[in-house]
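> any chance you can model this:
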Amino acid sequence: MAGRVEGKVAFITGAARGQGRSHALRLAEEGADIIAVDICENIDSVTPYYPLATEDELKETVRLVEALDRRIVAHRADVRDRAALQRAFDDGVAQLGGVDIVVANAGIATYGRSWELTAEQWRDMIDVNLTGVFNTAVVAIPTMIEQGRGGSIMFTSSIGGLKGIQQVAHYVAAKHGIVGLMRTMANELGPHSIRVNTIHPTNVDTIMIQNPGTYGMFSPGDPEPSQEKAMPGFMSLNTLPVPWVESIDISNAVLFLGSDEARYVTGVTFPVDAGAYVK
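Modelled structure (predicted):
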């Protein structure tokens, strides 16, 4: 029995770990080959909260995809650097024969009250979480149009792309921004049978939320924030009685939206949020 994305090629950013790795593995399980990129180095405004992915983690993603008997082309590339991203994408397409699915997943999180965010925090957030998503789409779209076989583009937004969340105004602004980008591109690319959607997770159990910065959101001013102290805050976000969802829950949405099962789904804000939006 053929996989749900058998014979397709997926281009995934932020693929070294977390949601990006999970997406790569889930799509590979269902028959896709993978073009994987990750920055594999730190960004100064982020490192006070958590370290970004490493080259060894990207190599582990490669090993895991190959263990599923799928092909993968992986490169270090910063989504803020469109030329580097284009080179990584072009090499992947040359080796794997095209692209059908684009998952603009790379993102960062930092924290602070809106008027206290530093210029560096704001700039890095917009550059990675908004411009980086734009760059990811832009490097792939001409090839997708030229191929003439349609495709699916997905942007990882957030529940913060649909509502305001304190302590992360810059993140919320970027995640709202990619919704506007998605809606415009869905209209522009519809005639080419290229679908564009955003996915909106609540908190996902990765290092992006499992760090003192996120814990501190729920206990402002606490000199020693912890997961235990933050747990009531995590629980308060969601309607379902869970503090967060798992990467696989988002990957299953990526698989659906990337597959022909969703062939008429475009321009949609797709929540996987344990009911956080309606709460």
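> in a helix, residue 128, correct?
Yes - with DSSP: H, G, I helix; E, B strand; the rest coil as the criterion, residue 128 is located in a helix.
> packing partners for the longest strand that the chain contains?
If you go by DSSP state E, the chain has its longest strand at strand 194-201. For strand 194-201, the helices and strands in contact under the criterion 3 or more Cβ pairs under 8 Å, 6 or more residues apart in numbering; DSSP states H and E are helix 132-147, strand 151-156, helix 169-189, helix 247-258, strand 269-272. Every residue, glycine included, has its C-beta placed from N, CA and C.
> I'd like the next helix or strand past it.
As assigned by DSSP states H and E, the chain's next helix or strand after strand 194-201 is helix 212-217.
> how far away is residue 252 from residue 259?
Residue 252 sits at a distance of 11 Å from residue 259 (criterion: Cβ to Cβ, to the nearest Å).
> neighbour count winner among the two?
When neighbours are counted by other Cβ atoms under 10 Å, residue 259 comes out ahead of the other of residue 252 and residue 259, with 21 against 15.
> and the pLDDT at that one?
pLDDT, the model's per-residue confidence, is 98 for residue 259.
> backbone phi and psi for it, please?
phi -90, psi 170 (degrees, to the nearest 10).
> list the neighbouring strands of the longest strand of the chain plus their orientation.
Partners of strand 194-201 in the sheet, by DSSP bridges, are strand 151-156 (parallel), strand 269-272 (parallel).
> who are the packing partners of the host helix or strand of residue 87?
Using DSSP H and E, residue 87 maps to helix 82-96. Judged by 3+ Cβ pairs under 8 Å, 6+ apart, the packing partners of helix 82-96 are strand 9-13, strand 33-38, strand 72-76, helix 132-147.
> tell me how far the closest residue to residue 205 other than its chain neighbours lies from residue 158.
Nearest non-adjacent residue to residue 205, counting by Cβ to Cβ, 6 or more residues apart in numbering: residue 244, 4.8 Å away. Plainly put, residue 244 is 13 Å away from residue 158 if you go by Cβ to Cβ.
> more neighbours: the two, which one.
For residue 244 against residue 158, the residue with the higher neighbour count under other Cβ under 10 Å is residue 158, and the figures read 29 against 18.
> excluding chain neighbours, give the residue nearest to the more buried one in space.
Closest residue to residue 158 apart from its sequence neighbours, by Cβ to Cβ, 6+ apart: residue 175 at 4.4 Å.
> for residue 195, same thing?
Residue nearest to residue 195 in three dimensions, not counting chain neighbours: residue 266, with 3.8 Å by Cβ to Cβ, 6+ apart.
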